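[1] take this sequence and fold it.
(2 chains)
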Amino acid sequence: MRVAVKVTGHLIDLCKVAHVDLEDGASIDVALSTLGIPSNQVGLVSVNGEAVSKAKRSVVLLKENDEMVVMAPLTGG
Amino acid sequence: MSWQGNILRVNLSSGDIRSEPLNMEWANDYIGERGLGTKYLWESMDPKADPMGPDNVLIFATGPLTGTNASTSGRYAVITKGPLTGAIACSNSGGKFGAELKFAGFDLLLIEGRAEKPVYLLIEGDEISLQSADKLWGKTVWETDEWIKKTHHNPLLKIATIGVAGERGVRYASVVNDLHRAAGRSGVGTVMGSKNLKAIAVRGTQGVKVKDPKRFMEVTDEMKNLLAEHTGGLTKYGTNAMMDTMQEFGGLPTRNFQEVQFDGYDKVDAKAMLATDESGHTNLLTNKACFGCTIACGRIAHIRKDHFTIQNRKEYWHASGGLEYETAFAFGPVVGVDDIDACTFAGYLMNEHGMDPISFGVTLAAAMELYEMGVISKEETDGVELRFGNAEALTIMAEKTGKQEGFGEILGLGSKLMCEKYGHPELSMTVKGQEFAGYDSRALQGMGLGYATGNRGACHLKHDTFEVDMDDQTGAGKAEPCKTSQDWTAAVDSSGLCMFTMGAWGAPEFAAQLDADTEGEWTAERLIHCGERIWNLERMFNLAAGLTKADDTLPPRLLKDPAPSGTAKGKVNELDRMLPEYYDLRGWSEDGVPTEDTLGRLGLG
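    Numbers count the residues shown, from 1 in each chain, chains lettered A, B, ... in the order given. Presented below is the predicted three-dimensional model:
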């Protein structure tokens, strides 16, 4: 299946693709690993606009044509 | 060591200038900078004093690590009673001025009274004097910096000054040092102006000494390496790298917090600053570091010469301080503007005239909402269409406010007083009178609690709940990290180092550097305990000034109007849920007053 990907902040240096191809039913953790984005460098992931907490990244499964946004951590400034 | 062991007390009313020994007992209990300045303020003035009157005290304080070769050691803080809030004000800055003050032999500068005529304070080695500022009154920050250096034939002077905004009572005037670094928030420049003190110029040659030089070199080298592993994004993109995250998250305050996402965000974000347009122009020229800093998050930018803001105005064709996240938010989404050159120019004007960009932008946003409601007329705005998205209105009003001309006098009141004047206090996006930074607290719940309980009013820099806020958009479990991070941030703000190191260094890393630097045994536990003491002393100052639990709140828009979009769509801030838990964790009464037990535990009884 194909999932649309968008990254924010400095994560653009780690991931420059607009989509990722995954096995059906892959989790968010699997998607991050496939994209080469270390989970500890991710502030939040949303899927189709819905926030997914860190604890649920391994159990929330992606579907064909989902839109996943991988957000960098906030630091203040 | 690292302390010079001296403070400089200057009474502007009498002209008396004298050096006094640093109170080491206070330094041991309050670390330095923010904490030590708060203790000196508490002991030096009546908290009920008029912030714009001669009885207010203005303190410039360094930390024990300021001026050392620890990374980010350029920090100093300005502490006073704030004119926006009537609460304690503490605003810190980088650049080189703080380290230079230390090199001149002073850990802290305490200013009392009010000069009869405008003056500036000159510290050149052992020669310290008050000089007439008659020729400087009415000049900009940039003109003042140049004039003082030329007049004293000393380009090595480091200068902290106010602009015209501070002279003329803009409530959120800043103190700008080294041309474009600022103690920007809470109107500390307004207080300086009320004292007829235009500038402080310092040249020092003493250097600093640390307790254990060999260990200090080893530990600071190790810390610099650790820092480099965590801050590459800040170096490359600056803080404005957060703009697209806030957009996707749905916490980007837009059009005076009516919305939480802004369609034009990608025209003013970090990537837009790096992009080259069709004419070959790139907004960002380079980055810049403050004294001792190995991050270098500062931005140096320039504006297209054919842009309407600077066309035929060659005085602005140079490079200067560029957009950071807060300035991009304050001149972009919150006023609905997506013109990066206009935003950059507004930033120039803030530095040139000495104003807080956050307070200015959020005040302008409220004025735009009032204008679109028909409450403010075009006649009042000097013929300017004060609508959201009008880039020209942004820059015209920034200039008018800086010079205190026309409608700029109204904007100079700040959002709270301005909205009250027009009969719509509910539209003021403030806590205790200070404007919000660029984080909507319907999406960032802990941020809302931090805003509401902030001792200097709404502030994003006095706590750190970003991680828990991103992971969960409810008020559950936010009181504890808010309280804990407030205490810890108070300690960091008192060290002389920058809080942008906090992503790489925790309490043990700060303690290791301080312990090699300064007499006594410094541990992580001691630092956090000192931080809690500092937070509570600030609270006591505010309670003595007349603030109450009723001031620990948020505007109705954030408590009643659900977020219209984003990951927190439909949510309001859950302050009612978080605040009682927060008071309990702090050891405060239900009315938000520290109990006798709490004060005793912290040595404040």
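[2] what sits up against the helix or strand of chain B with the lowest mean pLDDT?
    Using mean pLDDT, DSSP states H and E, helix B:232-237 stands out as the lowest-scoring helix or strand of chain B, at a mean of 93. With contacts defined as CB atoms under 8 Å, 6 or more residues apart in numbering or on different chains, helix B:232-237 is touched by A:9-10, A:13, A:72, A:75, B:241, B:270, B:274, B:287, B:295-297, B:500. Any C-beta I mention is one placed from the backbone N, CA and C, and that applies to glycine too.
[3] show me the contacts for residue 66.
    With no chain named, the answer covers chain A. By CB under 8 Å, 6+ apart, the contact list for residue A:66 reads A:3-4, A:47-48.
[4] that answer is for a different chain, and I need it for chain B
    B:32-33, B:73-76, B:98-99, B:102, B:496.
[5] among those residues, which ones are in strands?
    residue B:76 (DSSP state E).
[6] select the longest helix from chain B.
    With residue count as the measure and DSSP state H as the assignment, chain B has helix B:524-545 as its longest helix.
[7] please verify my assumption that residue B:457 contacts residue B:186.
    Yes: counting by CB atoms under 8 Å, residue B:457 sits close enough to residue B:186 to count as a contact (7.0 Å).
[8] which one's more surrounded, these two?
    Regarding residue B:457 and residue B:186, a neighbour count based on other CB atoms under 10 Å in any protein chain shown identifies residue B:186 as having more, with 34 against 29.
[9] which residues touch that one?
    Residue B:186 is in contact with B:82, B:84-85, B:89-91, B:172, B:356, B:434, B:456-457, counting by CB under 8 Å, 6+ apart.
[10] so which of these is surrounded by the most neighbours?
    Counting neighbours by other CB under 10 Å, the top entry in these is residue B:172, with 35 neighbours.
[11] pLDDT of stretch A:69-77, averaged?
    In this model, stretch A:69-77 has a mean pLDDT of 90.
[12] CA atoms of it as CSV?
    These are the backbone C-alpha positions of stretch A:69-77, laid out as CSV (Å, rounded to 0.1, in the frame of the first residue of the first chain):
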residue,chain,number,x,y,z
VAL,A,69,2.4,13.9,8.9
VAL,A,70,5.5,13.5,10.9
MET,A,71,6.2,16.5,13.1
ALA,A,72,9.5,17.6,14.6
PRO,A,73,9.5,18.2,18.4
LEU,A,74,8.8,21.7,19.5
THR,A,75,11.6,23.5,21.3
GLY,A,76,10.2,27.0,22.1
GLY,A,77,11.9,30.0,20.7
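[13] can you tell if it touches chain B?
    Yes: Stretch A:69-77 comes into contact with chain B (CB under 8 Å from any CB of the partner chain), by way of A:69, A:71-77.
[14] where does the residue in the stretch 501-605 of chain B positioned nearest to chain A sit: helix, strand or coil?
    Per CB to the nearest CB, residue B:567 is where the stretch 501-605 of chain B lies closest to chain A, at 3.9 Å. Put simply, residue B:567 is coil when judged by DSSP: H, G, I helix; E, B strand; the rest coil.
[15] which bits of chain A sit near chain B?
    By CB under 8 Å from any CB, the part of chain A that sits against chain B consists of A:6, A:8-10, A:12-13, A:43-44, A:46, A:49-51, A:53-54, A:69, A:71-77.
[16] now, which of the residues you listed lie within helices?
    Among the residues of chain A next to chain B, no member falls in helices (criterion: DSSP H).
[17] ok, what's across the strand from residue B:182?
    Applying DSSP bridges to residue B:182 yields these beta-bridge partners: residue B:176.
[18] wait, what's in contact with it?
    Neighbouring residues of residue B:182 by CB under 8 Å, 6+ apart: B:93, B:174-176, B:350-351, B:354, B:356.
[19] save those as CSV, and put in distance to residue B:412 and pLDDT too.
    Formatted as CSV, the contacts of residue B:182 follow (distance: CB to CB, whole Å; pLDDT from 0 to 100):
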residue, distance to residue B:412, pLDDT
B:93, 21, 98
B:174, 13, 98
B:175, 16, 98
B:176, 17, 98
B:350, 13, 98
B:351, 17, 98
B:354, 12, 98
B:356, 11, 98
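[20] and the residues you listed, which two are furthest apart?
    Farthest-apart pair in these is B:93 and B:350; separation 13.4 Å (CB to CB).
[21] returning to what we had before: overlap of the contact sets of residue B:457 and residue B:186?
    Both residue B:457 and residue B:186 are in contact with B:82, B:84-85, B:434, where contact means CB under 8 Å, 6+ apart.
[22] in the stretch 301-450 of chain B, which residue sits closest to chain A?
    residue B:325 (4.5 Å).
[23] quick check: closest non-adjacent residue to that residue.
    residue B:239 (4.0 Å; CB to CB, 6 or more residues apart in numbering or on different chains).
[24] go on, residue B:497?
    Ranked by CB to CB, 6+ apart and with sequence neighbours excluded, the top spatial neighbour of residue B:497 is residue B:72, at 4.8 Å.
[25] and the one you found, how many neighbours?
    Residues lying near residue B:72 (other CB under 10 Å) number 28.
[26] now the one 5 residues further on
    Residues contacting residue B:77 under the criterion other CB under 10 Å number 29.
[27] what's the burial count for residue B:271?
    17.
[28] measure it to residue B:241 for me?
    Distance, residue B:271 to residue B:241, using CB to CB, to the nearest Å: 9 Å.
[29] hey, what's the residue sitting nearest the centre point of chain A bridged with?
    For chain A, the residue sitting closest to the mean C-alpha position, by CA atoms, centre = their mean, is residue A:70 at 4.2 Å. In this structure, residue A:70 has the following beta-bridge partners (DSSP bridges): residue A:7, residue A:45.
[30] wait, it touches residue A:9, no?
    No: using CB under 8 Å, residue A:70 and residue A:9 do not qualify as a contacting pair, with a distance of 9.5 Å.
[31] report the buried residues of the helix or strand where residue A:3 lies.
    For residue A:3, the enclosing helix or strand under DSSP states H and E is strand A:2-7. Taking 16 or more other CB atoms under 10 Å in any protein chain shown as the basis for neighbour counts, the residues of strand A:2-7 that come out buried are A:3, A:5-7.
[32] now stretch B:313-329
    Buried, per 16+ other CB under 10 Å, within stretch B:313-329: B:316, B:320-329.
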